[in-house]
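Peer 1: Model the following, please.
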Amino acid sequence: MRRLLRNSLMLLLPCLFLAGALYVQRRVTSRSEAASASAAIPASAANWGLSFPNEGQSPVGNATVEDLAQYDAYYLGDTSQKVIYLTFDCGYENGYTESILDTLKKHNAPAAFFVVGNMIETAPDIIRRMAAEGHIVGNHTYHHPDMSAISDQAAFQKELESLAALYKETVGEDLPMYYRPPQGKYSVENLKQAQALGYKTIFWSLAYVDWYVDNQPTAEQAYAKLLPRIHGGAIVLLHSTSKTNAEILDDLLTKWEGMGFTFASLDELPEV
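Peer 2: Next comes the predicted model:
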């Protein structure tokens, strides 16, 4: 009888050990998943960032589409459609924006231009042309500060409202309610602040290093980034100060069209 009990216990011990191990593993996994979910949008200030696991597919942002959507923020459009949303950041006029506008007109491609106060003050005719030709002029703040460092709602609001007031004075229309954080720096609080003012925050799903005016990429370097990484629902960020962008834009849009893509306005972003 003792031998039978001992043998039974020997058979039972591994099962108990395995059950305990599986329980611990499930606890660790669930904690890990919870930590991952809670970190979907950084609580503190962060830089918008992307990774591209597979060429031709939408990238992974450091916040998900769903998490951003609760704050009326976007980095992707409809990924099931071969559509591109063109956006340009405009810190100042460097002599290339009118060429960019000419190319957009040629391709009947709407775009969004995120401008700062200096751009409106020094190039009001170009701003008026953007609006007249059906493009969105978005809010990139008046002074282009690190908005993630501004916790006070009144100070945050002043940066956006000062730019909106200057636009209305210049164009005679209300500024469209789209906001892009300077340098892509943001926090949950920033997203809430912009949302409270009625803005949609627009990040991006494709960009490349085009902003160093004294160290411009070659056309080949630009294509190496912009062609293989294009994807359905892409919100593309380019800088209007870039000589390379102005020179390649006609050919770039033609290449994207040849790949089956069309261009849409941010006004056509689907609700998540």
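Peer 1: Scan this protein for its longest strand.
Peer 2: Longest strand of the chain, by residue count under DSSP state E: strand 83-90.
Peer 1: For that strand, name the packing helices and strands.
Peer 2: helix 97-106, strand 111-115, strand 234-239, strand 262-263 (3 or more Cβ pairs under 8 Å, 6 or more residues apart in numbering; DSSP states H and E). Where you see a C-beta, it was placed from the backbone N, CA and C, and this is true even at glycine.
Peer 1: Take these and lay them out in TSV including mean pLDDT and mean neighbour count.
Peer 2: Putting these into TSV (pLDDT from 0 to 100; neighbours: other Cβ atoms under 10 Å) gives the following:
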stretch	mean pLDDT	mean neighbour count
helix 97-106	98	18
strand 111-115	98	26
strand 234-239	98	23
strand 262-263	98	16
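Peer 1: got a markdown table for these, with distance to G61 too?
Peer 2: As requested, the helices and strands packed on strand 83-90 are arranged in a markdown table below (distance: least, Cβ to Cβ, whole Å):
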| stretch | distance to G61 |
| --- | --- |
| helix 97-106 | 26 |
| strand 111-115 | 18 |
| strand 234-239 | 11 |
| strand 262-263 | 22 |
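Peer 1: residue ranges with poor pLDDT in the stretch 101-250 of the chain?
Peer 2: Along the stretch 101-250 of the chain, no part satisfies pLDDT under 70.
Peer 1: Show me where it has its strands.
Peer 2: Along the stretch 101-250 of the chain, counting by DSSP state E, counting those that start in this stretch, strands occupy 111-115, 136-139, 178-179, 185-186, 200-202, 234-239.
Peer 1: So which of those is nearest V209?
Peer 2: Within the strands of the stretch 101-250 of the chain, the stretch nearest V209 is strand 234-239; the backing value is 9.7 Å (Cβ to Cβ).
Peer 1: mind checking how far stretch 103-119 is from the chain centre?
Peer 2: How far stretch 103-119 lies from its chain's middle: 17 Å, per Cα atoms, centre = their mean, to the nearest Å.
Peer 1: Equivalent analysis for stretch 193-209, please.
Peer 2: Counting by Cα atoms, centre = their mean, stretch 193-209 comes out at 6 Å from the chain centroid.
Peer 1: Could you do stretch 263-272 as well?
Peer 2: Taking Cα atoms, centre = their mean, one finds stretch 263-272 lying 13 Å from the centre of the chain it belongs to.
Peer 1: now stretch 191-200
Peer 2: 15 Å.
Peer 1: quick one: contacts of it?
Peer 2: 41, 68, 71-74, 139, 153, 156-157, 160-161, 177-179, 201, 266, 269 (Cβ atoms under 8 Å, 6 or more residues apart in numbering).
Peer 1: Also stretch 130-138?
Peer 2: The contact list for stretch 130-138, computed with Cβ under 8 Å, 6+ apart, reads 87, 101, 104-105, 110-115, 127, 167, 171, 173, 175-176, 178-180, 202, 265-267.
Peer 1: thinking again about what came up before, now a PyMOL select for only the buried ones of the contacts of stretch 191-200.
Peer 2: Per 16 or more other Cβ atoms under 10 Å, the buried members of the contacts of stretch 191-200 correspond to this PyMOL selection:
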select buried, resi 41+68+71+72+73+74+139+156+160+177+178+179+201+266+269
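Peer 1: ok, which stretches of the stretch 151-272 of the chain are helices?
Peer 2: With DSSP state H, counting those that start in this stretch, the ranges of helices along the stretch 151-272 of the chain come out as 153-171, 188-196, 219-226, 243-258.
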